[in-house]
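J.: coords please:
(one chain, ligands or ions: 2)
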Amino acid sequence: MNPSREDLENLPDATLRYQPGFLLPKEAESLFGEIKSQTPWRQDTIRLFGKTFQQPRLTALYGKNGQAYTYSGILMEPLPFTPLLEDLLHRVSIAAGEKFTTCLLNLYRDGSDSNGWHADDEPELGNNPVIASLSLGASRKFHLKHRRIKSQRVRMNLESGSLLLMAGTTQHHWLHQVPKTKRPVGPRINLTFRRLG
Ligand SMILES: O=C(O)CCC(=O)C(=O)O
Ligand SMILES: [Fe+2]
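T.: Ligands and ions are numbered 1, 2, ... in the order given. Presented below is the predicted three-dimensional model:
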């Protein structure tokens, strides 16, 4: 069960909006197939505490103005937008009221792929960034926790075709993750739209 709109509105230091059914199920399904097969997915190596790890998911970065983006210590050169992703960029920008420039794609191949606790707080994103996150394919759990107030936690289930907006001071005060799961789950694609520069 996802938190109600009211629950989300009452969180301290966060601005969150969850819109299930931003895309109709049929469109979400066909986009999932097209994006999965057309994207030049890569698996990057990241450095954490002096050790190197393979990122537990596949990624791709698309950008409007060729600006590189440093993410988890990885410098990513953006690919030029495809017509399909450009159309989504446009629609998501209208829904969010933000002019996005960049789309980071994540492919979670199964339940052992994940995205650890982090905030989208890279300096290139500026202060109080609006991040729009579109989900396709299998549903996955999405958790948020307040950095200081330990009792403040949110658990959501991001469904195919849903759009989650994180705005205001969310990235300053909260961390988010997509945890691993032992439950058998199919692949999921997440597109996060961001504005650089
Ligand atoms: O897969 C998700 O829903 C979240 C992705 C995410 O947090 C990120 O790419 O920064
Ligand atoms: Fe994130």
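
J.: ok, what's across the strand from the residue of the chain at minimum distance from ligand 1?
T.: The nearest approach of the chain to ligand 1 comes at N190, 3.3 Å away (Cβ to the nearest ligand atom). Using the backbone N, CA and C atoms, a C-beta is placed for each residue, glycine as well. Counting by DSSP bridges, N190 forms beta bridges with N106, S135.

J.: my guess is it meets N106, correct?
T.: Yes. With contact defined as Cβ atoms under 8 Å, N190 counts as touching N106 (4.5 Å).

J.: Would you mind naming what in the protein lies close to ligand 1?
T.: 104, 106, 115, 120, 133, 142, 158, 176, 178, 190, 192 (Cβ under 6 Å from any ligand atom).

J.: Now for the third one, how many residues are close by?
T.: Taking other Cβ atoms under 10 Å as the criterion, the count of residues near N115 is 20.

J.: that older thread, can you lay out the residues of the chain next to ligand 1 as JSON lines showing pLDDT?
T.: Shown next, in JSON lines, are the residues of the chain next to ligand 1 (pLDDT from 0 to 100):
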{"residue": "L104", "pLDDT": "96"}
{"residue": "N106", "pLDDT": "98"}
{"residue": "N115", "pLDDT": "97"}
{"residue": "D120", "pLDDT": "95"}
{"residue": "S133", "pLDDT": "98"}
{"residue": "F142", "pLDDT": "98"}
{"residue": "L158", "pLDDT": "98"}
{"residue": "H176", "pLDDT": "98"}
{"residue": "V178", "pLDDT": "98"}
{"residue": "N190", "pLDDT": "98"}
{"residue": "T192", "pLDDT": "98"}
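
J.: How about the contacts made by the residue of the chain closest to ligand 1?
T.: Taking Cβ atoms under 8 Å, 6 or more residues apart in numbering, we find N190 in contact with 105-106, 108, 133-136, 158, 178.

J.: again, only using 10 Å
T.: 57, 59, 104-108, 115, 133-137, 140, 142, 158, 164, 178 (Cβ atoms under 10 Å, 6 or more residues apart in numbering).

J.: Could I have the buried ones of these as ChimeraX selection syntax?
T.: Buried members of the contacts of N190, defined by 16 or more other Cβ atoms under 10 Å, are picked up in ChimeraX with:
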select :57,59,104,105,106,107,108,115,133,134,135,136,137,140,142,158,164,178
